[in-house]
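# Task: produce atomic coordinates for the following.
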Amino acid sequence: MIKNDLELSISEENLAHFLSTLEGLEKDESIQELSPRKQEIYRKAIYGEVENLQIQIQEYNKLKNEGINAIIIKEPTDLPQTIIKYRIAKGISESTLATRLGIEESELIEHEENLFVDADNQLLKNLLNSLNIEVPHTLRELLFNSEKVKRDLKTKLGSIFNRLVPFELKEEYNLLEGYLKLYSALQRIFGEQSNAILLGKQIDYSPVSVRYKVPNGLNSDTLYLHTSYAFHISKRITEINDIPSKMLETDPNKFRKAIIEKYGELNIENCIQYVWHLGIPVLPLKLKGGFHAACWRIDGRNVIVLKQQSKSNARWLFDLLHEYWHATQEPHLLTRDVVDIQDVMSEGNKNQEELDANNFAADVIFDGRLEELLNKCVTLSNGRIQYLKRAVQSVATTNGIDVGALANQAAYYLSKSGGNWWGAAHNLQDKEDPFGIAYKVLGERINISELEDPIDKELLENALYEDVM
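Now for the predicted structure:
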């Protein structure tokens, strides 16, 4: 970036030199002796320098001629460059501004060169005031009352907070850049509500309550924060998911058969791989509370989020298949939201699509034999709950079914009549690492480096890094 008339003069001389070099390329024998490939590389390098210098010269002249009207602020992180542009646009030299600020000209030049990495709060305040640069009230609060705002944010955001904190704030280096990135992240994820979050005010949750049919008594704060965060991360993943979307099978028998034919057996890893194969990313998150699972369709691309807190492969498999069913519905819609706020196997769920999703998951897992297997459990236990555990183990083993999966269904059906057998079912689960499996597949399927935006790239890295710590 050109910062003064002297740098403009030097840049114009350099541009003239590179243009002259381009004109003489065909006559330069030393260049002609190079291979065609090396000649092309050399030409592209010079063209790159020419283009870069032309852009900088044009920008500087525009600032000088049009004043602050020529300044376009795209991101909060543009603030350091904006400060320099305001000085240029207002025709103020480094020497004059330094005098106003009460510092040496060399110090100001160094600050501008380093984009105010080491500038303290007082200097930043003086710069903004002296150049009459308006910044949002919430950004001023974050920059100049940072410790208090950061404490309040940590309390408000809970476990999400660490996922939003940029590298600079964690390492306590270039704090200005860090706070600007944090501010930008909050705006991207929470939109208009980011101001209320930053100022510690009440958030308007009514749109979320309508959108996701929030039950009475549920903590709307956590729901809003977690769904907004998960949706933003999901959207970023759909942007770098280059697996083509395929036709989604709604017949549980055909779906089950396709997985077994492709991978050999039906299990959580193979199901996750198959869903990815169909073009649907599966994002595991270790965020407690807020919601249980979700399926979003964003610009025609489905993405599944799993937040199951259990380490049971059976529970994760059932949730995955349940959310997959949501992905198959209303395929003509480019945008669709389904957020399962409560456990998908909770008794209070009467929504027909939720019931259909549960039936699909059960039919895939038990090959359409769930009712038959449960009847065998009832017969073997003589209808007495104290014998049910042994009956479930026996029926599952005899029929080659996962004990934990059958135990979950037995508990689910007992809950419909007011019984509570979830404790026993929990003890029958095969405790492994389904989150780790889903995370491993995610790492195999996406390349974070393909995300061009540095802030969203860091948010995605933080999301995945925090969950494996």
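
# and residue 148, that one's in a helix?
Yes - judged by DSSP: H, G, I helix; E, B strand; the rest coil, residue 148 forms part of a helix.

# That one: neighbour count?
Close neighbours of residue 148, defined as other C-beta atoms under 10 Å, add up to 11. C-beta: built from backbone N, CA, C; applies to glycine.

# just use 42 as the starting number from now, easier for me
Happy to do that; since the first residue is 42 now, the last one works out to residue 189.

# what helix or strand does residue 245 sit in?
For residue 245, there is no enclosing helix or strand under DSSP states H and E.

# What of residue 378?
Assessed by DSSP H and E, residue 378 sits inside strand 377-381.

# Can you list the neighbours in contact with stretch 401-410?
Residues outside stretch 401-410 that contact it (C-beta atoms under 8 Å, 6 or more residues apart in numbering): 291, 293-294, 296-297, 307, 355, 358-359, 362-363, 365-366, 411, 414, 440, 442-443, 446-447, 450.

# Can you list which of those residues are found in helices?
293-294, 296-297, 355, 358-359, 362-363, 365-366, 411, 414, 446-447, 450 (DSSP state H).

# Endpoints of stretch 308-325, how far apart?
17 Å (C-alpha to C-alpha, to the nearest Å).

# Output the below-cut-off pLDDT ranges for the stretch 142-291 of the chain.
Low-confidence segments of the stretch 142-291 of the chain, defined by pLDDT under 70: 246-260.

# For it, just list every one of the helices.
Taking DSSP state H, counting those that start in this stretch to define them, one finds helices in the stretch 142-291 of the chain at 146-154, 162-171, 178-185, 187-198, 202-205, 208-212, 216-231, 235-240, 247-253, 261-281.

# From the contact counts, what lies against the shortest one?
Read it as helix 202-205. Counting contacts by 3 or more C-beta pairs under 8 Å, 6 or more residues apart in numbering; DSSP states H and E, helix 202-205 packs against helix 187-198, helix 216-231, helix 495-509.

# repeat that for 7 Å
Helix 202-205 makes packing contacts with helix 216-231, helix 495-509 when contacts are defined by 3 or more C-beta pairs under 7 Å, 6 or more residues apart in numbering; DSSP states H and E.

# Ok, which of those helices comes nearest residue 322?
Residue 322 sits nearest to helix 495-509 of all the helices and strands packed on helix 202-205, at 11.7 Å, using C-beta to C-beta.

# which of the residues in the closest one are buried?
By neighbour count with 16 or more other C-beta atoms under 10 Å, helix 495-509 contains the buried residues 496, 497, 498, 499, 500, 501, 503, 504, 505, 507, 508.

# circling back: can you list the helices of the stretch 142-291 of the chain in CSV and add distance to residue 381?
Shown next, in CSV, are those (distance: least, C-beta to C-beta, whole Å):
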stretch, distance to residue 381
helix 146-154, 51
helix 162-171, 45
helix 178-185, 33
helix 187-198, 22
helix 202-205, 22
helix 208-212, 33
helix 216-231, 21
helix 235-240, 25
helix 247-253, 9
helix 261-281, 11
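
# Just the closest of the ones in helices among the contacts of stretch 401-410 to residue 456, please.
Nearest member of those to residue 456, counting by C-beta to C-beta, is residue 450, at 10.6 Å.
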